[in-house]
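Engineer: would you be able to build a 3D model of this:
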Amino acid sequence: MKSLIVALLAVLVPFLALAQGEHTHSSPYVGQQLREIKSLSAEDITELEEGGGWGLAKAAELNGIPGPSHVLKMKHELGLTADQEDSTRRIFARMRDDAIEEGKKLIAGETALEVGFRERSLAWRSLRERIREIEIIRSNLRSIHLAAHLEMIGVLNEDQVKLYNELRGYSR
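Structural biologist: Modelled structure (predicted):
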């Protein structure tokens with residue numbers, strides 16, 4: 001009896017899997033087709049609209065160059081002077097304002113690309129131009145965030161930079 005059940009399962013399980021519509025070529029993007037802008041998640045859009053880093057300053061951050069947002073959050077631990085805090089706030093405000101502006105442009109560019117694909121209205125030449133525009137915006141956005149990190153080197157002293165990296169968990 002036991003061997004009969006095993007034999008039946010060996011035949012039925014693959015059949016049931018096919019009957020349930022199991023896809024052997026499923027995409028890791030399943031569900032993302034429901035997004036308003038397919039290439040940006042809701043979290044991405046929020047981050048861009050708020051001038052967040054969006055991971056664009058990793059080249060600086062992971063090489064030990066502090067970012068103004070995190071410096072402000074750690075101002076007490078880092079022992080910022082009033083002048084350092086004021087400078088950091090100015091750098092952060094300028095970075096955030098510029099990043100919000102570019103972030104909105106990036107969202108608009110991705111929306112235009114999305115609409116072009118949705119409406120099937122893109123030609124090869126217009127596709128290339130839209131992508132160029134989007135990548136220029138992304139480059140500008142990355143430059144804004146990386147430049148703010150570079151500015152922080154002139155604000156913090158060596159010991160504060162070292163402590164920043166320890167507090168961020170980057171110490172070896």
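Engineer: quick one, strands of this structure?
Structural biologist: For the chain, applying DSSP state E gives no strands.
Engineer: okay, now the nearest residue in space to A99 that is not next to it in sequence: neighbour count?
Structural biologist: Spatial nearest neighbour of A99, chain neighbours left out: G51 (3.8 Å); criterion: C-beta to C-beta, 6 or more residues apart in numbering. (Each C-beta comes from the backbone N, C-alpha and C, glycine too.) Look at G51: counted by other C-beta atoms under 10 Å, it has 23 neighbours.
Engineer: from S41, how far off is the nearest residue to V161 once chain neighbours are set aside?
Structural biologist: Computed as C-beta to C-beta, 6+ apart, the closest residue to V161 that is not its neighbour in sequence is P66, at 6.1 Å. Separation of P66 from S41 (C-beta to C-beta, to the nearest Å) stands at 27 Å.
Engineer: for the protein, which segments count as helices?
Structural biologist: 2-19, 42-49, 58-61, 68-73, 75-78, 82-118, 124-153, 158-167 (DSSP state H).
Engineer: between these, which one is nearest to R35?
Structural biologist: With C-beta to C-beta as the criterion, R35 lies closest to helix 42-49 of these, at 7.5 Å.
Engineer: ok, and what's touching the closest one?
Structural biologist: 35, 37, 40, 52-54, 99-100, 103-104, 106-107, 141 (C-beta atoms under 8 Å, 6 or more residues apart in numbering).
Engineer: please repeat the previous calculation with a cut-off of 10 Å.
Structural biologist: For helix 42-49, contacts defined as C-beta atoms under 10 Å, 6 or more residues apart in numbering pick out 35-37, 40-41, 52-56, 99-100, 102-107, 110-111, 141.
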